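# Sequence and predicted model, in that order:
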Amino acid sequence: MAPRIQLEKAAWRWVETVKPEEIGQEHIELAYRINLPACKRGTCRRNCKGNPNCLVGIGEQAWLGEIDENAFHSIDDPNSERRDKNTFVGLTNLGATCYVNTFLQVWFHNLELRRSLYQCQNSRAEEHNTESDYEPQSICEHLQYLFALLQNSNRKYIDPSGLVKALGLDTGQQQDAQEFSKLFLSLLEDTLSKQKNPNLRNVIQQQFCGQFSYVTMCNQCGRSSALPSRFYELELNIQGHKNLTECVTEFLKEEKLEGENRYFCESCQSKQNATRRIRLHSLPPTLNLQLMRFVFDRQTGHKKKLNSFISFPEQLDMGPFLEGKQDEKCVYELSAVLIHRGISAYSGHYIAHVKDARTGDWYKFNDEEIEKMEGKKLQLGIEEDIAETVKSQTRKPKCSKGYHCSRNAYMLVYKVQEEESSDPYRTNVEVPAFLQRLVDQDNHKFEEWCCEMANMRKQSVDKGKAKHEEVKELYKLLPARDGEQYEFIPLDWLKKWLDDSTATKEIDSSLFLCCHDKLHPDKVGDTKRVSLQAAQLLYERYGGGPRLDGSSLCRECVSQRCRVLRLKNQLNEDYKEISNLVKRTLSGEVFWVGKASLRSWRQLALEQLEEDEHETKHSNSQTNGQGPHSNNSKECTEDEMKTFNEDIVCSHGGLSILETERKLVSPEVWTKLREYFPKAPEFTQNQDPCQQCLTLEQEEKDNEAVSKMMALDQKNQLLNLFHEKNRPTLTKWPQGTDVLYIVPLFFVDEWRKFIRRPTKSSPVSNVSNTLLLCPHGGFMFTYDSLINGEAQHIALLWPNEWDVISRLFIVDQPISIHCLKQSTPSGSTTQYTTQPDLCWECRESFLFQQQRDLREYAQATIYIRKVIEDKRVCRTKKTPELKHSSEAEEEKEERPKLDGEKDPDFSQVTMPEHYICKKKFVISGIRRSTRHRKLRGEKALIVSANQTLKELKIQIMHAFSVAPFDQNLFIDGKSLTDDSATLGSLGVIPESIICLKADEPIADYADCDSFPYYMYEDFYYSSILLLN
């Protein structure tokens, strides 16, 4: 089938030879495309919207033929959420909580820890009514319930959000997993220590706690001192090592204390060279080994991950490292490996490989997914492939039998090797009855959900099968045969009827009606012509209306379209004819036409015709003067040309008085134009212009003359004020007068505007001096404050100028400043007073509010300037280095800075908005720039007054890549050292400049890989967990 545009042109090709009054039924059917051939299946890639008889590609493909019943629903099989037999339960990842899930699975498989948690007293769970949902509160209660569900739940995975919320963790931010392990065990130890059962108070210590001591020996006298300590995991440095034995050996190796790091020996009573090492005394049943993969890079100010390979054994003999107790069990078996997949320390994914204590099988726990390893062997191969994107030449080393090698393992869990026993108590942990009751309640809810989902699937399938039969039945009846009765059905409705994902509504054909309540010719492409039998069945089942049959073809709309199309074809010829006619000599009765309308009449006519042609609303045949017209004419010089000839219509509806904007045309021209604009306003040559406009024009001329005379008179009387010549200043009191008068600068600016353009600006009638007074009528400025910058809001007048202003304008309150000179034995003194007097109460309140605003800001800008190899203390004064072109232009206008005057670029005081008359102030008639000019090495930061210095240092770290502990900050020569103090209390105000001096890294610690991971952000994370 031809494209839609070609079908539309073909439907109206007959208008070239047929006039509107000659239209017959065959022309109407051509316009509505009644006789276009219907498309056959397989011939159209998509539905032909220009052909109302095309019923292909409207969604019927999904229903014709056999359909799998699974296509009738989008509900997954609820049994896919059911726990598989002889496997474990997973944990839902809440966003970025995979690191939490891995530790929970490891601790769940610690049978002693699980057994002890089950024994904790929980009166809330024991007394809980199963008719309501159980909501744990304490950390211990959450772990009890979570472990019970992991053990006996019917679900494939469970949601740990209750525990995560109780810990106060951010589910959208990935925290440091090793730090989380330490803090959580510490929190759990504190919780269990409060249990009434004495056997539970030391469970964490009995399972995870070992002992070592820091032993220091003096090289001079040989005296040895030991500092005992406990540990819950050993933090092993992996940089430069290949296997676990090397890491443990380095952890225990001797350290020499020499030079500035010498040891103070109590026996020698002086600093001596010494050696220090760690001595292991006892090991816990569960040995946690932290591999320090995440280290702090001092050069970038961020942490990074070490992706070096480390090999570790399945059996670890700690005997060679243990001192003092030869009878203690020292052989450990690998029970868990925690993996971080990814090359960055700030992103990636955590999984855990855990050995089942009962069967010896290895499982991979990946949030909701759990995979059992084959052959009871640990397999890490696929996890190591994730990091292969690292640009490294390191190849995976070969591992001996009984060893594993990983570049992603960050924690190893070993359990002490025990003799095989037939005692089932050691490997079987039973869920207490009160917890099992809660698990049964959750399992019951799960089974009810499975039944509900199964019923919903069945209902969807039954509904889909019924719809399938309906479509197959009705689609065969849709095509309308020649000579039979037919109706039009909206295409969108048919598509939604065939789209099973949306509910089928009633048929709505009201959007396709013309103003005659029949089918609009332009809307026929959005409908489909179907047989009367099919339409009857659809309306019986779904309802709706109005129904559009063969009698709904609109003759009036077709006639109007025919007229429009014929006029469009005739437009170019008429344009040439009118262009020639307007050049001829006029005779007889002539008509006024707007020059702008005459220039753009063809464009206006074209827009009018196109609007009529593409009319889609109920109002079909708009004519000139009705409704909006598009305004795209480039020829029209007016701001808006809505209708033809409206440019010579005044606001009173009469003929415009501007004769230069109109032109006389002959009756032949006007007749032609009226064919296109039948309702255009008509004015003959004999018609008089609007009398009201003539009267207003004369009044406006009279007013302009009065304004010019007034402006000239005021300018002559205040000539120096207008030209800003011979102006008095407060910094050097003028000779010959002891009084100066004050008016707002805003008044002077507005007055000058009127003098310059008296016909365009309104005259100034009054002087509002109350703007400079407080509510009590007192003056708000002192003499000192005026000469120190606050004079930007006022203008000074000579006494003779004040006399003129008092006579010409209405002054609400005179304001003057007086200079009183007195002679004393010690010399002459000068005193300045104002009238009205200064209101000290309001002045102090204003200053207090000003200072408070500077201390209580939010979202203000400050500037951090990095100082490199400069021992001088940073001051606020600076020498510009590089300037943008716009800044250079501003500096061309700046005057030299006066002695004692503050540089406005670094002004630390800002006037409140109700005292500021203008954004740009003027001193001595020269504009000053108030914009801060940034220098090289300087960056702007957005801060608040209640923000701490520590938080500012973190912002600076991200901006300059300088670690917080390497930052030395100064403001006005004062060092900022109190990290807990707020910026407001430290005197940091908006637009402040803070100098940053960065310490260089110490040579011994230049290798960032040997420096342990430590960042300021961890304080926030750790404190939240400990508080909970």
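Done, it's in.
# From now on I want contacts and neighbour counts done on CA atoms only, so please keep to that.
Will do.
# I'd like the distance from the longest strand seen in the chain to the chain centre, please.
What stands out as the longest strand in the chain, according to DSSP state E, is strand 331-341. The chain centroid and the centroid of strand 331-341 are separated by 41 Å, computed with C-alpha atoms, centre = their mean, to the nearest Å.
# Kindly report the same for stretch 125-132.
Put simply, stretch 125-132 sits 44 Å off its chain's centre (C-alpha atoms, centre = their mean).
# what does it rub up against?
134, 136, 434-435, 437-438, 441 (C-alpha atoms under 8 Å, 6 or more residues apart in numbering).
# buried ones in the longest strand of the chain?
By 16 or more other C-alpha atoms under 10 Å, the buried positions in strand 331-341 come out as 332-341.
# what's it packed up against?
strand 315-317, strand 349-355, helix 381-384, strand 409-416 (3 or more C-alpha pairs under 8 Å, 6 or more residues apart in numbering; DSSP states H and E).
# ok, 6 Å please
strand 315-317, strand 349-355, strand 409-416 (3 or more C-alpha pairs under 6 Å, 6 or more residues apart in numbering; DSSP states H and E).
# Ok, which of the ones you listed comes nearest Leu185?
strand 409-416 (14.4 Å; C-alpha to C-alpha).
# Adjacent strands (with direction) for that closest one?
In its sheet, strand 409-416 lies beside strand 286-291 (antiparallel), strand 331-341 (antiparallel), with partners assigned from DSSP bridges.
# Could you export the longest one as PDB, CA atoms only?
Taking only C-alpha atoms (Å, rounded to 0.1, in the frame of the first residue of the first chain), the coordinates of strand 331-341 have been written out as PDB:
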ATOM      1  CA  VAL A 331      46.200 -27.200  63.500                       C
ATOM      2  CA  TYR A 332      43.300 -25.400  61.800                       C
ATOM      3  CA  GLU A 333      41.100 -26.200  58.900                       C
ATOM      4  CA  LEU A 334      39.800 -23.700  56.400                       C
ATOM      5  CA  SER A 335      36.100 -23.100  56.900                       C
ATOM      6  CA  ALA A 336      35.300 -19.900  55.000                       C
ATOM      7  CA  VAL A 337      36.800 -17.500  52.400                       C
ATOM      8  CA  LEU A 338      35.300 -14.100  51.900                       C
ATOM      9  CA  ILE A 339      35.800 -12.600  48.400                       C
ATOM     10  CA  HIS A 340      35.600  -9.100  47.000                       C
ATOM     11  CA  ARG A 341      35.000  -9.100  43.200                       C
END
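# how much does it deviate in direction from strand 349-355?
160 degrees (axes from the mean of the first three to the mean of the last three C-alpha atoms, to 10 degrees).
# about what we covered before: write the PyMOL selection for whichever of the contacts of stretch 125-132 are buried.
This is the PyMOL syntax for the buried subset of the contacts of stretch 125-132, where burial follows 16+ other C-alpha under 10 Å:
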select buried, resi 136+434+435+437+438+441
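# Can you lay out the contacts of stretch 125-132 as TSV showing distance to Gly984?
TSV is the format used below for those (distance: C-alpha to C-alpha, whole Å):
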residue	distance to Gly984
Tyr134	47
Pro136	43
Phe434	56
Leu435	54
Arg437	57
Leu438	53
Gln441	56
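# mind putting the contacts of stretch 125-132 in CSV, distance to Gln299, pLDDT and secondary structure included?
Shown next, in CSV, are the contacts of stretch 125-132 (distance: C-alpha to C-alpha, whole Å; pLDDT from 0 to 100; DSSP: H, G, I helix; E, B strand; the rest coil):
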residue, distance to Gln299, pLDDT, secondary structure
Tyr134, 51, 83, coil
Pro136, 46, 83, coil
Phe434, 56, 87, helix
Leu435, 52, 86, helix
Arg437, 56, 88, helix
Leu438, 53, 88, helix
Gln441, 56, 89, helix
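# Looking at the contacts of stretch 125-132, which one is closest to Val804?
Pro136 (84.9 Å).
# Pull the contacting residues for the closest one.
Going by C-alpha atoms under 6 Å, 6 or more residues apart in numbering, Pro136 touches His142.
# before we move on, the earlier item: Tyr99: which of the strands paired with strand 409-416 is closest?
Of the strands paired with strand 409-416, the one closest to Tyr99 (C-alpha to C-alpha) turns out to be strand 331-341, at 8.7 Å.
# list the contacts for the nearest residue to Lys595 once chain neighbours are set aside?
Taking C-alpha to C-alpha, 6 or more residues apart in numbering, and ignoring the residues beside it in sequence, Lys595 has Arg662 as its nearest neighbour in space, at 5.0 Å. Counting by C-alpha under 6 Å, 6+ apart, Arg662 touches 593-595.
# What's opposite Arg662 in the beta bridge?
Applying DSSP bridges, one finds that Arg662 bridges with Gly594.
# For it, give me the pLDDT.
Looking at Arg662, its pLDDT reads 86.
# cool, Val706 as well?
pLDDT at Val706 comes out at 89.
# Can you pull the phi and psi angles for it?
The phi and psi torsions at Val706 (degrees, to the nearest 10) take the values phi -60, psi -40.
# For the stretch 351-500 of the chain, which segments count as helices?
Secondary structure of the stretch 351-500 of the chain (DSSP state H, counting those that start in this stretch): helices located at 381-384, 433-477, 491-498.
# for the ones you listed, which one sits closest to Lys242?
Lys242 lies closest to helix 381-384 among those, at 15.8 Å (C-alpha to C-alpha).
# picking up where we left off before, most surrounded residue in the contacts of Arg662?
Val593 (24 neighbours; other C-alpha atoms under 10 Å).
# which among the contacts of stretch 125-132 gets closest to Thr824?
Nearest member of the contacts of stretch 125-132 to Thr824, counting by C-alpha to C-alpha, is Pro136, at 87.3 Å.
# Dihedrals phi and psi, the closest one?
Backbone torsions for Pro136, taken as degrees, to the nearest 10, come to phi -60, psi 160.
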